[in-house]
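> Here is the input, now give the coordinates:
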Amino acid sequence: MYNQVVELPQIKLIQRVKDKCKRDDRLDAALMYGSFTKGEGDQYSDIEFWLFFDSERLSDIDQEQWIEDIGPIYWTVLNEHGTRVAFFKDHLIRGEFHFVATSSMRGVKDWPAVETERACEMVIVDRTNQLQGYIEAGEPAIPSSPAQIEQLCGQYLNWYLFGRNVLRRGDLAQAHMVLGILQGYLIWMARMLEASTKHWQTQSKSLETELSPESYREFVQTTARCESDELDRAYKAAWSWGGELINRLERQRGFSIPPELIQAMAVHYP
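Below you'll find the model as predicted:
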């Protein structure tokens, strides 16, 4: 899998993590996720791991030292999800390390399911003989039923109305941040229509090549600087494109957003 990137410094760090996981008898299971498990890793990619420790021994783990045993680091920090993020000195590679108790391993079943081959690539150590099964047991990530796709369109409408309201209030920075969320839903709807769902969870990844040129141009029209006139133009472009996407999805997938809602929003924010 890694032949095309064999010289990458990330590969050396990944191997050191694997070796340490196999040596550490406090560790019941470990998995890798992200680009390198998909064969997409490059010089800009992070390295990412879940480490499941014996519940009684987890509190004894010096997380920063555990990571520094892999390679020299500048620093580590806990992100907003409680994940230990490392800044490696080698090419300033970013690493994510989830230090958790084995008892939380069942939560992997709530992740989107992956195919068996990828599950094998993800598992580093599994002294419980359960981890791969949990990885494969997840639910599909991509909406498929009419109700699920209707919900996706409804979430777009929710963020659109919220963003337009704060823009009208004059909260430009907030409207700009909401616009980014709104763009994510537009991308999802476009990917659904074009059957381009490879990077569904990281919806903007490789967008330049994975959407049609026409859809990519529509996306570009929804971008803006944090200025009132630009944001107003971008939100109008988002409404125009979003309406077209919803209409096509309704016809293709057999659901219906209440037309009176669409009409009310169009009148309220012409």
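
> which ones are touching Leu78?
With contact set as CB atoms under 8 Å, 6 or more residues apart in numbering, Leu78 has these partners: 84-85. Quick note: C-beta positions are derived from backbone N, CA and C, even for glycine.

> how near is it to Ser104?
17 Å (CB to CB, to the nearest Å).

> same deal with Ile257?
The spacing between Ile257 and Ser104, counted by CB to CB, is 38 Å.

> Quick one: mean pLDDT for stretch 216-225?
Over the span of stretch 216-225, the pLDDT mean works out to 98.

> just to revisit the earlier point, Ile257 and Ser104: which is more packed in?
More neighbours surround Ile257 than the other of Ile257 and Ser104, with 17 against 13 (other CB atoms under 10 Å).

> what sits against that one?
With contacts defined as CB under 8 Å, 6+ apart, Ile257 is in contact with 150, 153-154, 157, 246, 250.

> got it, and Glu115?
If you count contacts by CB under 8 Å, 6+ apart, Glu115 has them with Glu136.

> Show me the helices in the stretch 1-150 of the chain, by range?
9-23, 63-68, 116-122, 131-136, 146-169 (DSSP state H, counting those that start in this stretch).

> Nearest to Glu56, out of those?
Across the helices of the stretch 1-150 of the chain, the minimum distance to Glu56, taken as CB to CB, is reached by helix 63-68, at 16.5 Å.

> Quick one: list the elements packing against the closest one.
Applying 3 or more CB pairs under 8 Å, 6 or more residues apart in numbering; DSSP states H and E, one finds that helix 63-68 contacts strand 73-78, strand 84-88, strand 94-101.

> Just put the ones you listed in a markdown table and tack on mean pLDDT and distance to Tyr44.
What follows is these, written out as a markdown table (pLDDT from 0 to 100; distance: least, CB to CB, whole Å):
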| stretch | mean pLDDT | distance to Tyr44 |
| --- | --- | --- |
| strand 73-78 | 97 | 18 |
| strand 84-88 | 97 | 14 |
| strand 94-101 | 97 | 10 |
